[in-house]
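*Asks:* next input, structure requested:
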Amino acid sequence: MDKFIPREWQDSLITTVSKNLEEKNTIALEAPTGSGKTSFILYLSFLTDKKIIYLTRTHNEFTRIYEDNKKYFNLPIIYLFGKSNLCPLKERWYDTDENQKNVCKGCVLKDKIVDMDLLKMRSPEEFINDVIDDSIEKIRDDLNKNNMGRDQKGNLTTLRKDKMRAYCPYYSVRENMKDAKIIMMTYNYLLNPSIRYNVFYNNDEEKIDLNDYYIIFDEAHNLDSVIENFGRSLTNKSILKSIDLLVDEFPLNKYKCHERVEANLILEELLNNFSSTRETDNLKNFKFSNDFLFRMKDLESLKKFSDEFDKMNDERPLKDRSKNYIETVYNFLYDYQRMENGGLYSSINFNGKELRLRIMYYDTSEYFSFLKNRPAVFMSGTLPSEDHISKVWNMDNVFYIRVNDIFKNTGGIKKYRIVNGYTTLGKYRNNIEEWSEMLKKYMDFIVNTYNESEKSVIVAVPSYKIMFGDNEKKIPGIGTYLPDDMRKNVFFENKRISFNYLEKTALASRIIIFSVHGGKLLEGIQLIKDSKSLISDVIIAGLPLIPLDDYRKNKINYLEKALGRNSYNILYYEYALIKIKQAAGRSTRSPEDRANIWLCDDRFDSYYWKKNLLNE
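*Replies:* Just a heads-up that it's a prediction; the model follows:
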């Protein structure tokens, strides 16, 4: 373990931050990428002996705090993953949904808890693999020794309870959280009220007192987009599956009752409403017909058959159980009936194959209300503005610290440069010939920049369609014009791409990485050698404005009425500004790093962008 030597800003601010947190104020800490925000929080815990709940958007981001903790502090740490990740009994899961109902019902492992070695420094991946492997091994051992068996349905049963060594990894992690100095979890465990209650309370009594912890939200610029997606969604596939389930499991010749007819009419009418939706990539206002709204007033018929199917499912062997699609529809419509401060929208996913209805919320402040009078830190290299945090999130007593305003060059130097003659403006995309020429120009600039760059290059584009194009509509993307001789040095963001493989390749040679603003590569990638960045140039290929779709317009209008002021910049331009700075931040990981940030869109040549970027 290395000795931790705090940087100047960390040493200077540690007392101020800890004093404000003890007074239960909220800290907004904006410090550049690579300046040491993660190690600062660990240093804070180390000096104050205070426990930390550390929240990130994704599990992938757990790794950063593990690396700093292992290197400098060795504080007891635990990682809370979801049930589906930590359950060793994959046969109980007939759905990929983390919220699968009754997955633990009747499981003999649920109450089997073990103590965990939290001082053993393991990466998140090693931790989850060790816990799952150990649990599976003990299950097999108990089965071989007849301490457990299986019933006719395939469920584990207890034969000799006093001899059993098998345990539940998920509930063991939850029970061991109280002994950890650092608890790692994703945002939804605290921000989503129902999940927070489930994890932190037991019969209305707090199992873990949040007042005993400093609550840290890392990469807090992501919070709005995460909360916006807390609402349920419903696809046409789910409606069709629910109709099939109703017909197959509850045939009319056996269930001759009003509720069976009513359930069928609700689902059929819902499907008809769905089929009238215009397909669009953006979020479009959606309204149910008056006939359906009238029919939807009473959802008890759906609830009746949903509950009945759950009972039938429980009686079946594990291998024959299936998802309750009637419950999926019921839950969506139930939430819609009770929706406040939100609206209903339709969209189609990226591959153009699945139509979806989504409940989207406008007011995110209610999700932060539990933080009142609790010590919390929002931190990022690109935090939302003070106005955003105080007005949109409705947070009081916020102490806003911009590290770069106090200490210069804490995270390297980025030189922003506007490059004219380029744009991803929609009117160009409507003309394939003009659009093709523009994309060729972009690719020429990318190749030339790469050829002259000192290190690797990141290209940030506004959307996957601009990056890949649309094969069905024969619309090209930037990637269409990549020269063949460069393909071995180029990586495009996708679900399967490995951070480790990218890092290994970048250590061996210069590469180009294409990613979408807000994608996992622009949020979490760290390509470093000897603590210095392996990226020297970032190309912002187009202005990453959120589509000003119906949802965004309605949210702006809602908040302007609620706040009594113009919120356009806060909710529209600020989002793009954060994404640009976040992408640029991938290029500097230490105070010694220097990087060029190329702003390739004519729209950057205006007052707002010059003021907020060229003065960096």
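*Asks:* which residues of the stretch 301-450 of the chain score low on pLDDT?
*Replies:* Residues of the stretch 301-450 of the chain meeting the criterion pLDDT under 70: 349-353.
*Asks:* can you map out the helices along it?
*Replies:* With helices called from DSSP state H, counting those that start in this stretch, the stretch 301-450 of the chain shows them at 325-337, 386-387, 403-406, 426-429, 432-452.
*Asks:* where does S453 fall, phi/psi-wise?
*Replies:* phi -80, psi 150 (degrees, to the nearest 10).
*Asks:* please read off the pLDDT at it from the model.
*Replies:* For S453, the model assigns a pLDDT of 96.
*Asks:* please apply the same query to the one 3 residues further on.
*Replies:* Residue-level confidence at S456 comes out at 95, pLDDT.
*Asks:* pull the number of nearby residues for it.
*Replies:* Other residues near S456 number 25, with proximity taken as other Cβ atoms under 10 Å. C-beta here means a position set from N, CA and C on the backbone, and glycine is covered the same way.
*Asks:* can we start the residue count at 136 from this point?
*Replies:* With 136 as the first residue, the last one maps to S591.
*Asks:* so it touches F649, yeah?
*Replies:* No - in this structure S591 lies outside contact range of F649 using Cβ atoms under 8 Å: 11.9 Å.
*Asks:* what comes up buried for the host helix or strand of I330?
*Replies:* Applying DSSP states H and E as the criterion places I330 in helix 328-335. Using 16 or more other Cβ atoms under 10 Å as the test for burial, helix 328-335 gives I330, R331, V334, F335.
*Asks:* cool, stretch 357-364 as well?
*Replies:* Under the neighbour-count criterion of 16+ other Cβ under 10 Å, stretch 357-364 has N357, L358, D359, V361, I362, E363 buried.
*Asks:* I figured L182 was touching I149, is that so?
*Replies:* Yes - in terms of Cβ under 8 Å, L182 counts as a neighbour of I149; the distance is 6.5 Å.
*Asks:* OK, contacts around the nearest residue to N624 once chain neighbours are set aside?
*Replies:* Distances taken as Cβ to Cβ, 6 or more residues apart in numbering put I646 closest to N624, at 5.2 Å, once the chain neighbours are dropped. Neighbour list for I646: S591, V592, N624, V625, F626, L637, T640 [criterion: Cβ atoms under 8 Å, 6 or more residues apart in numbering].
*Asks:* any idea how this protein splits into domains?
*Replies:* Using automatic domain parsing, the domains assigned to the chain come out as 136-210+316-363+516-545, 217-311, 368-496, 547-749.
*Asks:* in JSON lines: the ones you listed, plus distance to P510.
*Replies:* Listed next are those as JSON lines, based on distance: least, Cβ to Cβ, whole Å:
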{"stretch": "domain 136-210+316-363+516-545", "distance to P510": "4"}
{"stretch": "domain 217-311", "distance to P510": "22"}
{"stretch": "domain 368-496", "distance to P510": "26"}
{"stretch": "domain 547-749", "distance to P510": "25"}
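*Asks:* out of these, which is closest to L506?
*Replies:* Proximity to L506 (Cβ to Cβ) singles out domain 136-210+316-363+516-545 among the domains of the chain, at 6.9 Å.
*Asks:* list phi and psi for the residue with the largest distance to the centre of the chain.
*Replies:* For the chain, the largest distance from the centre (Cα atoms, centre = their mean) belongs to N388, which lies 46.2 Å off. When quoted as degrees, to the nearest 10, the phi and psi of N388 stand at phi -70, psi -20.
*Asks:* against R395, how distant is it?
*Replies:* 10 Å (Cβ to Cβ, to the nearest Å).
*Asks:* what ranges do the strands span in the stretch 636-751 of the chain?
*Replies:* For the stretch 636-751 of the chain, applying DSSP state E, counting those that start in this stretch gives strands covering 647-651, 663-664, 667-668, 670-676, 729-735.
*Asks:* so H652 is in contact with P597, correct?
*Replies:* Yes - with contact defined as Cβ under 8 Å, H652 counts as touching P597 (6.0 Å).
*Asks:* need the residues touching each of these two.
*Replies:* Jointly contacting H652 and P597 under the rule Cβ under 8 Å, 6+ apart are P679.
*Asks:* picking that back up, as JSON lines, the buried residues of helix 328-335 with pLDDT and distance to G169 would be great.
*Replies:* Formatted as JSON lines, the buried residues of helix 328-335 follow (pLDDT from 0 to 100; distance: Cβ to Cβ, whole Å):
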{"residue": "I330", "pLDDT": "90", "distance to G169": "32"}
{"residue": "R331", "pLDDT": "92", "distance to G169": "32"}
{"residue": "V334", "pLDDT": "89", "distance to G169": "32"}
{"residue": "F335", "pLDDT": "88", "distance to G169": "33"}
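*Asks:* which one of the residues you listed is nearest D684?
*Replies:* Nearest to D684 out of those is I330 (Cβ to Cβ; 28.0 Å).
*Asks:* for that closest one, what are its contacts?
*Replies:* Applying Cβ under 8 Å, 6+ apart, we find I330 in contact with N323, Y324.
*Asks:* how far away is it from N323?
*Replies:* 6 Å.
*Asks:* ditto for G289
*Replies:* Distance, G289 to N323, using Cβ to Cβ: 31 Å.
*Asks:* do L656 as well
*Replies:* Where N323 is concerned, L656 sits at a distance of 22 Å (Cβ to Cβ).
*Asks:* try S424
*Replies:* To N323, S424 is 33 Å away according to Cβ to Cβ.
*Asks:* neighbour-wise, which of these two wins?
*Replies:* Using other Cβ under 10 Å as the criterion, S424 and N323 rank with N323 on top: 19 against 13.
*Asks:* per-residue pLDDT, the more buried one?
*Replies:* You'll see N323 listed with a pLDDT of 94.
*Asks:* ok, now which ones touch it?
*Replies:* Counting by Cβ under 8 Å, 6+ apart, N323 touches I330, V361, F365.
*Asks:* mind listing what the spatially closest residue to the second one that is not a sequence neighbour touches?
*Replies:* When the adjacent residues along the chain are set aside, V361 lies closest to Y322, with 5.2 Å between them (Cβ to Cβ, 6+ apart). Contacts here follow Cβ under 8 Å, 6+ apart; on that basis Y322 touches L190, T191, R192, F352, N357, L358, V361.
*Asks:* could you point out which residue ranges in this structure have low pLDDT?
*Replies:* Within the chain, the segments meeting pLDDT under 70 span 136, 230-236, 338-339, 412-416, 484-488, 659, 750-751.
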